[in-house]
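Asks: Make a model of this:
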Amino acid sequence: MTVYLVGAGPGDPGLLTVRGRELLQRADVVVHDRLSAAELLDLAPDHVERIDVGKAPGHHRRTQDEINALLVERGRAGGTVVRLKGGDPFVFARGGEEAAALAEAGVPFEVVPGITSAVAVPAYAGIPVTLRYSSTSFTVVTGHEDPGKATEVDWDAVARVGGTIVCLMAVAHWPAIAARLIAAGLDPATPAAAVQWGTRPEQRTTAATLATLADHPLDSPSVIVVGEVAAQAGRLAWFDRRPLFGRTVVVTRARAQSSSLASRLRELGAAVVEAPAIEIGDAGDAGAALRAAVAHIRRYDWLVLTSPNGVERTFAMVPDTRVLGHLRVAAIGPGTAEALARYRVVADLVPDRFVAESLLERFPPAPPPLGPGAGERGVARVLIARAAVARDVLPAGLRATGWEVDVVEAYRTRPVPVDEATRAAVRAADAVTFTSSSTVTNLVDAVGVDGLPPLVCCIGPVTAATARAAGLRVAAEAPVHTIDGLVGVVLEVLADRGSLA
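Replies: Just a heads-up that it's a prediction; the model follows:
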């Protein structure tokens with residue numbers, strides 16, 4: 001039994017350490033605060049208990065003593081307990097108090113440092129906390145205490161030390177703090193900047209001077225930087241200059257598959273609302289038909305797979321890939337082909353356009369009955385492993401050209417309930433992406449046409465047709481029906497910040 005005090009970093013989920021990711025992935029309990037990125041919680045397995053002890057200004061879900069007691073209780077109960085804390089656990093995060101409580105109770109613990117907001121947030125705003133010749137040191141100080149009252153912070157000393165001053169949790173007392181620094185001799189014209197929600201898509205930088213920063217609207221959580229380096233915010237800004245910064249995009253893929261699309265959008269600066277409209281489940285017969293087909297795989301000449309899910313479910317039934325040696329394999333598109341490649345299988349056929357119609361155009365005609373290549377039973381036969389609900393274009397078209405076709409259910413997609421918070425986030429977004437017809441149908445059923453963002457982007461023509469049939473106006477359809485193609489059209493329709501049309 002161990003309690004791990006893990007630094008979550010300042011907000012960008014990509015700033016979590018490798019050790020932190022590893023612990024979240026094997027956690028039994030995650031105790032988290034409000035500054036932890038929601039995406040980080042998704043790293044933990046679905047069955048993990050998640051306990052929100054987040055603190056907001058003026059509102060505490062639990063007191064610090066209650067949090068300490070909770071960690072001791074869960075630590076004694078056994079298992080892996082991850083205490084996920086914003087920034088670094090030992091930098092103004094009260095991690096020391098939690099560690100002390102665990103030590104006093106005899107509960108083993110480990111501290112996993114995180115990237116502190118004191119350095120990362122200025123960096124994301126283009127502010128280097130040190131700069132050769134002008135700022136050769138930096139001081140990190142808490143602004144949580146009122147400088148007008150008895151405080152442990154010697155603001156006169158902070159002003160005298162020179163270099164850069166980084167103030168955390170200082171918004172509420174900033175006017176008084178600025179006055180104290182000026183009274184201690186700091187030039188009122190010293191550059192100053194406040195960075196709110198630093199490293200997150202909501203990041204906003206307010207640049208001014210020590211004397212005038214308080215004249216601007218400031219809100220928590222913000223990191224305030226005072227010093228000559230704060231003047232670099234405009235010149236070295238990079239995070240908020242990415243093409244999708246300030247835009248919010250809804251991703252509707254199943255949660256297990258959403259990471260590639262979501263990460264690409266985040267790299268371009270977008271805030272991502274993960275609203276999985278579907279989840280992937282077992283076939284209605286628990287895989288019996290697929291298992292039987294794989295057991296008699298030598299009856300078939302071709303195996304056709306129409307999705308990465310179909311690949312995973314099919315190959316879970318294959319005891320030894322050598323039994324596939326006689327088969328030719330067709331994949332509906334590059335994503336499916338990549339899934340095959342993970343099993344060291346190279347697709348014999350991938351159509352130019354990633355739809356059933358294109359696969360039919362490329363598919364060879366069936367050989368004559370009893371002729372060469374007609375299979376062990378003298379019949380040219382194709383096995384299609386796919387979702388329970390799918391278009392019949394492919395099997396019907398293959399049968400029309402002489403093939404015997406067996407269609408087996410490899411998996412089913414099920415709708416996912418949408419909670420009120422997600423519903424509101426979807427409605428407020430700029431665009432929604434759809435990667436399959438089932439994602440369209442299920443999300444429209446869950447939130448309604450009026451509950452969707454104004455821009456609808458679809459991965460291909462079949463999905464787009466379903467969206468239009470549901471009453472949606474499709475703003476863009478990916479010319480290449482892949483995740484990269486979908487990201488490309490999202491970029492096209494959203495990069496023009498002057499218009500949402």
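
Asks: quick one: low-confidence ranges for the stretch 251-400 of the chain?
Replies: Where the stretch 251-400 of the chain drops to pLDDT under 70, the residues are 255-258, 369-378.

Asks: again, only this time at 50
Replies: Applying pLDDT under 50 to the stretch 251-400 of the chain flags residues 374-375.

Asks: which residue ranges form the strands in it?
Replies: Listed in chain order, the strands of the stretch 251-400 of the chain (DSSP state E, counting those that start in this stretch) span 271-274, 278-281, 302-305, 328-331, 381-387.

Asks: Please identify the deepest-packed of those strands.
Replies: Ranked by mean neighbour count, the strands of the stretch 251-400 of the chain are led by strand 302-305 with a mean of 25 (mean count of other CB atoms under 10 Å). C-beta: built from backbone N, CA, C; applies to glycine.

Asks: strand partners of it, parallel vs antiparallel please.
Replies: Strand 302-305 has the following sheet partners, assigned by DSSP bridges: strand 328-331 (parallel), strand 381-387 (parallel).

Asks: tell me how far that strand is from the chain's mean position?
Replies: 32 Å (CA atoms, centre = their mean, to the nearest Å).

Asks: domain assignment for the protein?
Replies: Using automatic domain parsing, the domain ranges for the chain come out as 2-115, 119-241, 248-277+416-494, 281-414.

Asks: So what's the gap between the first one and the chain middle?
Replies: Going by CA atoms, centre = their mean, the spacing between the C-alpha centre of domain 2-115 and its chain's C-alpha centre is 20 Å.

Asks: Next up, identify which helix or strand residue 198 is on.
Replies: Applying DSSP states H and E as the criterion places residue 198 outside every helix and strand.

Asks: Let me see the contact set for it.
Replies: 10-11, 117, 120-122, 124-125, 222-223 (CB atoms under 8 Å, 6 or more residues apart in numbering).

Asks: where exactly do the strands run in the stretch 401-501 of the chain?
Replies: 404-415, 431-434, 455-458, 474-477.

Asks: Quick one: find the helix or strand in the chain with the lowest mean pLDDT.
Replies: One helix or strand of the chain scores below all others by mean pLDDT, DSSP states H and E: strand 59-60, with a mean of 58.

Asks: Any idea which of the strands of the stretch 401-501 of the chain gets closest to residue 138?
Replies: Closest to residue 138 of the strands of the stretch 401-501 of the chain, according to CB to CB: strand 431-434, at 39.4 Å.

Asks: what packs against that closest one?
Replies: strand 248-251, helix 437-447, strand 455-458, helix 461-469, helix 483-494 (3 or more CB pairs under 8 Å, 6 or more residues apart in numbering; DSSP states H and E).

Asks: who's in contact with it?
Replies: Residues outside strand 431-434 that contact it (CB under 8 Å, 6+ apart) are 247-252, 261, 426, 440, 443, 452-459, 463, 466-467, 475, 486, 490, 493-494.

Asks: re earlier: pipe the strands paired with strand 302-305 into TSV and attach distance to residue 274 per row.
Replies: TSV is the format used below for these (distance: least, CB to CB, whole Å):
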stretch	distance to residue 274
strand 328-331	27
strand 381-387	21
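
Asks: Tell me which of those sits nearest to residue 479.
Replies: Comparing the strands paired with strand 302-305 by CB to CB, strand 328-331 comes nearest, at 19.3 Å.

Asks: Export that closest one to PDB, keeping only CA atoms.
Replies: Output of strand 328-331 as PDB, limited to C-alpha atoms (Å, rounded to 0.1, in the frame of the first residue of the first chain):
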ATOM      1  CA  ARG A 328      -5.800 -12.400 -49.000                       C
ATOM      2  CA  VAL A 329      -6.900  -9.500 -46.800                       C
ATOM      3  CA  ALA A 330      -8.700  -6.300 -47.700                       C
ATOM      4  CA  ALA A 331      -8.800  -3.200 -45.500                       C
END
